[in-house]
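[1] no sequence for this one, just the structure:
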């Protein structure tokens with residue numbers, strides 16, 4: 001499955017009302033660490049089963065980042081049943097991210 005691009009319009013449907021866990025990458029185009037993490041997130045989206053993977057640009061949708069108290073980027077939040085279940089800040093290995101999704 002490819003990465004879903006989140007907006008104000010589809011966040012509720014894609015994340016909060018999702019039947020399966022959703023890993024959301026909070027990022028920005030100017031963020032160097034975000035660019036390092038992006039290929040890993042893309043790889044997880046293509047390979048992982050049982051989860052959705054999405055990206056939210058904090059410059060375009062800052063109010064959503066504020067809602068989930070995202071203070072630094074990149075931040076990954078795993079949503080289960082519409083609620084944050086796990087969070088990771090900074091660049092992490094693929095294995096660490098996959099481990100987070102198994103919570």
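    Sure, I can see it. Quick caveat: nothing in here was measured; it's all calculated off a predicted structure.

[2] quick one: the closest residue to residue 50 other than its chain neighbours and residue 49, what's the gap?
    Counting by CB to CB, 6 or more residues apart in numbering, residue 50 lies nearest to residue 20, which is 6.0 Å off, once chain neighbours are set aside. Quick note: C-beta positions are derived from backbone N, CA and C, even for glycine. Distance check for residue 20 against residue 49: by CB to CB, to the nearest Å, it reads 9 Å.

[3] So between the two, which is more surrounded?
    Between residue 20 and residue 49, counted using other CB atoms under 10 Å, residue 20 has the larger neighbour count: 11 against 6.

[4] ok, that one - contacts?
    By CB atoms under 8 Å, 6 or more residues apart in numbering, the residues touching residue 20 are 50-52.

[5] Contact partners for the residue nearest the centre of the chain?
    Centroid-nearest residue in the chain: residue 24, 1.4 Å away (criterion: CA atoms, centre = their mean). Contact partners of residue 24, counting by CB under 8 Å, 6+ apart, are 6, 15, 54-56, 76-79.

[6] give me that answer again for 6 Å
    Going by CB atoms under 6 Å, 6 or more residues apart in numbering, residue 24 touches 54, 56, 77.

[7] what does residue 73 give?
    Residue 73 touches 26-28, 31, 34, 58, counting by CB under 6 Å, 6+ apart.

[8] at 10 Å instead, please
    By CB atoms under 10 Å, 6 or more residues apart in numbering, the contact set of residue 73 is 25-28, 30-31, 33-34, 37, 56-59, 65, 89-90.

[9] and which of those residues is nearest residue 45?
    Closest approach between the contacts of residue 73 and residue 45, by CB to CB: residue 25, at 9.5 Å.

[10] Save the contacts of residue 20 as a markdown table, and put in neighbour count, secondary structure and pLDDT too.
    Converted to a markdown table, these look like this (neighbours: other CB atoms under 10 Å; DSSP: H, G, I helix; E, B strand; the rest coil; pLDDT from 0 to 100):
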| residue | neighbour count | secondary structure | pLDDT |
| --- | --- | --- | --- |
| 50 | 8 | coil | 93 |
| 51 | 20 | coil | 95 |
| 52 | 19 | strand | 97 |
